[in-house]
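Participant: quick one, structure for this:
(chains A, B, C and D)
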Number of protein chains: 2
Amino acid sequence: MANLKDVAKRAGVSTATVSRVINGDSRVQMDTQHKVQKAIKELNYRPSRVAQRLRSKGKESKLIGLVLPDIENPFYVDMVKGIELAAYNKGYSVIIGNFSQNKARSEMYIDILKAEGVNGFIVAPVNNDDQKVTELVKSGYQVTCVDRDIAGVEVDVVKVNNEEAAYGAIKHLIDLGHRRIGHVGGQWDIPTTKARLAGYKRALLESGIPVEEDLIITRSSDFQSGVESTNTFLDMEHPPTALFTGNNLLTLGALRAIHARELHIPKDIAIVGFDDMYWSESLNPPLTAVHQDGFEIGRRATELLLNRMVEPDRPCIKVIMDAKLKIRKSCGTESPSAANDQS
Amino acid sequence: MANLKDVAKRAGVSTATVSRVINGDSRVQMDTQHKVQKAIKELNYRPSRVAQRLRSKGKESKLIGLVLPDIENPFYVDMVKGIELAAYNKGYSVIIGNFSQNKARSEMYIDILKAEGVNGFIVAPVNNDDQKVTELVKSGYQVTCVDRDIAGVEVDVVKVNNEEAAYGAIKHLIDLGHRRIGHVGGQWDIPTTKARLAGYKRALLESGIPVEEDLIITRSSDFQSGVESTNTFLDMEHPPTALFTGNNLLTLGALRAIHARELHIPKDIAIVGFDDMYWSESLNPPLTAVHQDGFEIGRRATELLLNRMVEPDRPCIKVIMDAKLKIRKSCGTESPSAANDQS
DNA sequence: CACTTATTTGTAAGCGTTTTCATAAATATA
DNA sequence: TATATTTATGAAAACGCTTACAAATAAGTG
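Facilitator: Just a heads-up that it's a prediction; the model follows:
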C-alpha cells in the first residue's frame, strides 16, 4: 500500500501538504491540490487509520466502540444497524464487542476497545452502578449509554420508558380480563428487567390485583430461560392465563414451550412480549408486543456521541423514547370485559 | 493512560525491556521481569493496540476484519458468534462491516478495514467473481471466505453444500406428494442463491417433474421480498402446494404473507425453509428447515484464517460442511404417498 | 523603496510501540 | 590472566501520519 511519502514524492510536494489536502485544509493552492489529488488517485492511496489514530490521540480517531449486551437479540441488532448507519455516514468505523449479558466479558471488551484507541463508547451498562462504565466516564472517555441508564455519573442516555411500557402491556392484558398473569423476566440485575417488573407490579396493584410472587420468575435473559420459566408456569396447578415475557428471546422461548405442549394461543394462554420483531406478524398468531425502535435508539445515541466529541462540555442529554404496544392477536380480542375493575 | 515509557521509568528499565517482558521474550532476567510486571500492575498499563499495529505492520496486528452480508439474518449472527469466540480466544479483535447484501457497501467496508490495518479478512463474496475480494487476495492479504466461494483465485473457504441441501429439502416435499413447489429465492447473483436453485431443479427433474419458470422467483434476499414473492404465488390461479424459501428472512416473509391470508400450514400450503433458526420450534407449526451450523462455520473459518497467518504458504483448504434437513411440522406428516414416483 | 502582513509550502518532532544493533556484564576457554 | 563467548540490557530508528514552527514568496502600506 502506498503511503503519504509516496504520494508526496509523486506530486512533488512535502508530506505536510499532502496531509493538508487530505484533511481539507483550505490554505493549499488550487493547483497543488489538484496535483496531490491526481497522485492520490494514481497510487490508489488511502490514509492509514492506524497512523492517524496514533498520531492524533483520541481527537480524530474515527472509531467508535460498541459494547453490546446480546447480538442474538433482534432488538440489539436493530440498534447496531442504526449505529452503523449514523457512524459510517460521518466517516466513523464501529467495533463491536458482544458480551452476551456477561459482566466479565463486558469488562474485557471495554479494555480491548480502550486499547484499540476508540474515540468514544456506546455502552449498555450491565447494571445500574456498573463500575467499569463509571470509571470510563470518569477517566474522560466520551460515553453514551443505550437501553440502560447508570447512576452516580453524568452521561448521555438513549432509552425507552420501560416501566411505563410494561405497565401498558399488563394493562392491556387486564383489560382483556386476565387476572393471573405470569411474568417471564430476564436477569434480575439488569436495569431493564427491574423497570419492566416494576411496571408489571404497578399495573396489577392499580387494578386491585394482588402481586403473587410465584407468578414472577426472573432468571436469565436468554432463549433457554424463556423455555424453562414458561414450563414452570405451565406445570403449575393453576397456570396463569397470560404471560408477559421480558424480552425477545424470552418470548421466543415461551412460544416454544407453549407449542411443544400444543397449547393454543390465546385460547389456552395469552402472551404479550416486550420487544417487537419485524417478523412478529410472521408468527401464528401474530404476536402482541411492546415495540421499541432499536434502529432509532442506535441512531440517536450515535448522534449524541458524535456531537459530544465536538462539544465535550455540553450538559448531558437523556433521551427517553416512547415504546408502543402493538396489539395483534396473541392476547385474544374479546372486548375488555373487566375494564372497569381498575381502581 | 499510562504508556510504555511510564512503565519503564517506574520499573527503572528501558522501554525495550518492558516491551520484551510484555511479549514474553525469555532472555529477560527473572527479577527484572518481576519489577516490570509490578510496575505494569501498579500503573494498570495496557499496551496500545494502535501503536503495536502501526509498528508491526500487519504481522501482529491482532485484528480481523469481518465483511458480513446481513446482520439481520440469524444465520449470520450465529456465524459472528463463532468468529468472535475463536478470535477473542486467541487475543484477536474483530471489526464487523455489515453490507446488507449491497455490493457498493461491501467494497466500502473492505477499504475501511484495509485502512484499519486488519491482519486478515473473513469475507462472504458478493458474487462468484467478486473483483474486490479477488484483488484483496492478490495483493497479499490473508482471506478466508465463508458461506460463499469465489472463482479464479486460491482461497480458504468454509461453507455448506447448498446444492445438495436444497435437493434434499425438495426431495422431502416431493416424497410428501407435492408436485407444484414454488421457490422463493434470494438475490439472483449470490452464489448460494444459484446453488440452492440448482438443487431445486435437480430434485424436480430427477423425479420427473417439469421445472416451471413461473414457480421460481428470485428477487432480493430480504424479508420484504419474501412477503412479495409469496404473495405473487398465492395470487396465482393454481398456487403451489408447497414453498421452498431460500433463506431465513425469506422464510419469515413468506410466513407473514401466509398468515395474513389466514392460510393454514401445512394443510393449505406447506413450507420448507433454507436456514434453520434456534427458534424454529417456536413457530406454529414448528418449521421444517435446512439447518446449517453458522456458529461452527464461523469458528472453523477463524481457525483457518489464524492458522494461515502463522503458515502463509500452506495449500488452500475448502471445508464443505453438511447441512441437515430438520423435519418438523410445516410440510405435513402424511406418509410419503408419492415416494415411488421418483425416477 | 523599505517594511509589515498575508499566503503558501516545507522541516521536523512526536504519537506508543517493536526491534536491530551496540554495549556491558558475566561466564567460559586456553 | 587475557581472550572469546554468552547473556542481559539499553539507545535509537522506524511504522505513517499530523501539526507547530520556520521559511520563502507575494502583496499591501506609508
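Participant: C-alpha only now, for contacts and for neighbours.
Facilitator: Noted.
Participant: any idea how far DNA strand D is from the residue in chain A that DNA strand C sits nearest to?
Facilitator: Relative to DNA strand C, the nearest point of chain A is A:R55 (2.9 Å; Cα to the nearest atom of the strand). According to Cα to the nearest atom of the strand, to the nearest Å, A:R55 stands 4 Å off from DNA strand D.
Participant: how about A:A87?
Facilitator: Distance of A:A87 to DNA strand D, computed by Cα to the nearest atom of the strand: 18 Å.
Participant: alpha carbons only: can I get the helix or strand where that residue lies in PDB?
Facilitator: Element membership for A:A87, per DSSP states H and E: helix A:74-89. Provided in PDB are the C-alpha atoms of helix A:74-89 (Å, rounded to 0.1, in the frame of the first residue of the first chain):
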ATOM      1  CA  PRO A  74     -33.100  -8.800  17.200                       C
ATOM      2  CA  PHE A  75     -33.700  -5.600  19.200                       C
ATOM      3  CA  TYR A  76     -30.000  -5.100  19.600                       C
ATOM      4  CA  VAL A  77     -29.400  -6.000  16.000                       C
ATOM      5  CA  ASP A  78     -31.700  -3.100  15.000                       C
ATOM      6  CA  MET A  79     -29.700  -0.900  17.300                       C
ATOM      7  CA  VAL A  80     -26.500  -2.000  15.600                       C
ATOM      8  CA  LYS A  81     -27.900  -1.100  12.300                       C
ATOM      9  CA  GLY A  82     -28.900   2.400  13.500                       C
ATOM     10  CA  ILE A  83     -25.400   3.000  15.000                       C
ATOM     11  CA  GLU A  84     -23.600   1.700  11.900                       C
ATOM     12  CA  LEU A  85     -25.600   3.900   9.600                       C
ATOM     13  CA  ALA A  86     -25.100   7.100  11.600                       C
ATOM     14  CA  ALA A  87     -21.400   6.300  12.200                       C
ATOM     15  CA  TYR A  88     -20.300   5.500   8.700                       C
ATOM     16  CA  ASN A  89     -22.200   8.500   7.400                       C
END
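Participant: please enumerate the strands of chain A.
Facilitator: A:63-68, A:93-98, A:120-123, A:142-146, A:156-160, A:181-185, A:216-218, A:242-245, A:270-274, A:288-291, A:318-321, A:324-326 (DSSP state E).
Participant: nearest to chain B, of these?
Facilitator: strand A:93-98 (4.9 Å; Cα to the nearest Cα).
Participant: can you check which of the strands of chain A gets nearest to B:K159?
Facilitator: strand A:93-98 (23.8 Å; Cα to Cα).
Participant: any buried residues in the closest one, and which?
Facilitator: When neighbours are counted by 16 or more other Cα atoms under 10 Å in any protein chain shown, the buried residues of strand A:93-98 are found to be A:93-98.
Participant: and the most far-flung residue of chain A relative to its centre, its phi and psi?
Facilitator: Distance from the C-alpha centroid of chain A peaks at A:G12, with 49.3 Å (Cα atoms, centre = their mean). Torsion angles at A:G12 (phi, psi; degrees, to the nearest 10) stand at phi 70, psi 30.
Participant: distance check, A:R20 against B:R105.
Facilitator: Note on A:R20: its distance to B:R105, by Cα to Cα, to the nearest Å, is 27 Å.
Participant: how about A:N73?
Facilitator: Distance, A:N73 to B:R105, by Cα to Cα: 24 Å.
Participant: circling back to that earlier point, just list the residues touching the residue of chain A closest to DNA strand C, thanks.
Facilitator: Not one residue lies near A:R55 by Cα atoms under 8 Å, 6 or more residues apart in numbering or on different chains.
Participant: can you list the domains in chain A?
Facilitator: What the record gives for chain A is the domain set A:4-47, A:63-160+A:294-322, A:162-292+A:325-341, from automatic domain parsing.
Participant: nearest to B:D31, out of those?
Facilitator: Of those, nearest to B:D31 by Cα to Cα is domain A:63-160+A:294-322, at 27.3 Å.
Participant: mean confidence for stretch A:117-126?
Facilitator: Summarised as a single mean, pLDDT over stretch A:117-126 is 92.
Participant: over to stretch A:274-284?
Facilitator: 93.
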